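Asker: Quick one: sequence and predicted model below, then my questions.
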Amino acid sequence: MTRKILMPMDGGQHSHRALNWYVRNFNARDDELVFAFVAEPPRSAIGDVTSADKVSSSMAENIAKAKALANDASQNELSHNAGQAIVDLANEENADVILIGNRGIRGIKKAFLGSVSDYVLHHSHRTTIIVPPPPKDTHH
């Protein structure tokens, strides 16, 4: 039976780690992979010219990354809410599984910034696999 697996990619280490996890642990012969580049603008102070320049520069970088990944990806989407874009795309593609890497943000930072993987997990009605970051080395 063919499974359709949606893999959000951003060109970073977390999405590559998720892809490597898929290859080692979840890969099946008949899988259909749908790669999606989803970018969201960075959070910044409203009305700050410097922040506006940073947002513009960051979006230009994200668009360049999306174009670079487009050769390997079947979908590209720019969104103000990356989590919602992933959920929407999973529905449009009728994905059986969403496989996503996690940055591992915790505590106050997570409370303020949120987590794309948490959003997808709580808003998608599809099987979702979140590949965590590697454990931090506790030895010095």
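Answerer: Noted; the coordinates are in hand. The shown structure was predicted, so the numbers you read here are calculated from the model rather than taken from an experiment.
Asker: Which strands and helices lie in contact with the host helix or strand of Asp118?
Answerer: Under the criterion of DSSP states H and E, Asp118 resides in helix 116-123. Using 3 or more C-beta pairs under 8 Å, 6 or more residues apart in numbering; DSSP states H and E, the elements in contact with helix 116-123 are helix 82-93, strand 97-101, strand 127-131. Every residue, glycine included, has its C-beta placed from N, CA and C.
Asker: residues in contact with Ser117?
Answerer: 83, 100-102, 128, 130 (C-beta atoms under 8 Å, 6 or more residues apart in numbering).
Asker: and if we set it to 10 Å?
Answerer: 8, 14, 18, 82-83, 86, 98, 100-105, 128-132 (C-beta atoms under 10 Å, 6 or more residues apart in numbering).
Asker: From Ile98, how far out is it?
Answerer: Separation of Ser117 from Ile98 (C-beta to C-beta, to the nearest Å): 9 Å.
Asker: thinking again about what came up before, tell me the buried residues in the helix holding Asp118?
Answerer: 116-117, 119-121 (16 or more other C-beta atoms under 10 Å).
Asker: Output those in JSON lines, with pLDDT appended to each entry.
Answerer: Listed next are the buried residues of helix 116-123 as JSON lines, based on pLDDT from 0 to 100:
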{"residue": "Val116", "pLDDT": "87"}
{"residue": "Ser117", "pLDDT": "89"}
{"residue": "Tyr119", "pLDDT": "91"}
{"residue": "Val120", "pLDDT": "94"}
{"residue": "Leu121", "pLDDT": "92"}
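Asker: which of the residues you listed lies closest to Leu33?
Answerer: Leu33 has its nearest neighbour among the buried residues of helix 116-123 in Val120, at 16.8 Å by C-beta to C-beta.
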